[in-house]
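Participant: what would the 3D arrangement of this be:
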Amino acid sequence: MEPTVEIKVRDHGPYKVTGPIRLIDAESAVFVAEGETVALCRCGHSARKPFCDGSHRDVDFDSRVRAG
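Facilitator: Prediction:
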């Protein structure tokens, strides 16, 4: 059975991604996180994009995404 990748949308915060992750940026640089958890920025204010640095708290980011 293949490992599962799970993406959780967190209210007012980042996407929390868990599982075997292979992230490729616009310049084809690869970031691999095997079985780890990463948080991806949704607010656009992180100094560590595409990763979250907690800036959403400082800018009062407001988002409550629901599936459906």
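Participant: any idea how far the nearest residue to Ile7 once chain neighbours are set aside is from Gly54?
Facilitator: Counting by Cβ to Cβ, 6 or more residues apart in numbering, Val17 is the residue found nearest to Ile7 once chain neighbours are left out, at 5.2 Å. No exception for glycine: its C-beta is placed from N, CA and C like everyone else's. Counting by Cβ to Cβ, to the nearest Å, the gap from Val17 to Gly54 is 16 Å.
Participant: re the thing from before, which residues touch the residue nearest to Ile7?
Facilitator: Each residue near Val17 by Cβ atoms under 8 Å, 6 or more residues apart in numbering is listed here: 5-8, 37-40.
Participant: bridging residues for it?
Facilitator: Beta-bridge partners recorded for Val17 (DSSP bridges): Ile7, Val38.
Participant: again, but for Leu23
Facilitator: In this structure, Leu23 bridges to Phe31 when assessed by DSSP bridges.
Participant: would you agree it is in contact with Ala39?
Facilitator: No - Leu23 is beyond contact range of Ala39, at 11.9 Å (criterion: Cβ atoms under 8 Å).
Participant: who has more neighbours, the two?
Facilitator: Ala39 (20 against 14; other Cβ atoms under 10 Å).
Participant: so which residue is dead centre in the protein?
Facilitator: Leu40 (1.9 Å; Cα atoms, centre = their mean).
Participant: that one and Ala67: what is the separation?
Facilitator: From Leu40 to Ala67 the distance is 17 Å (Cβ to Cβ).
Participant: equivalent analysis for Cys41, please.
Facilitator: Cys41 is 20 Å from Ala67, by Cβ to Cβ.
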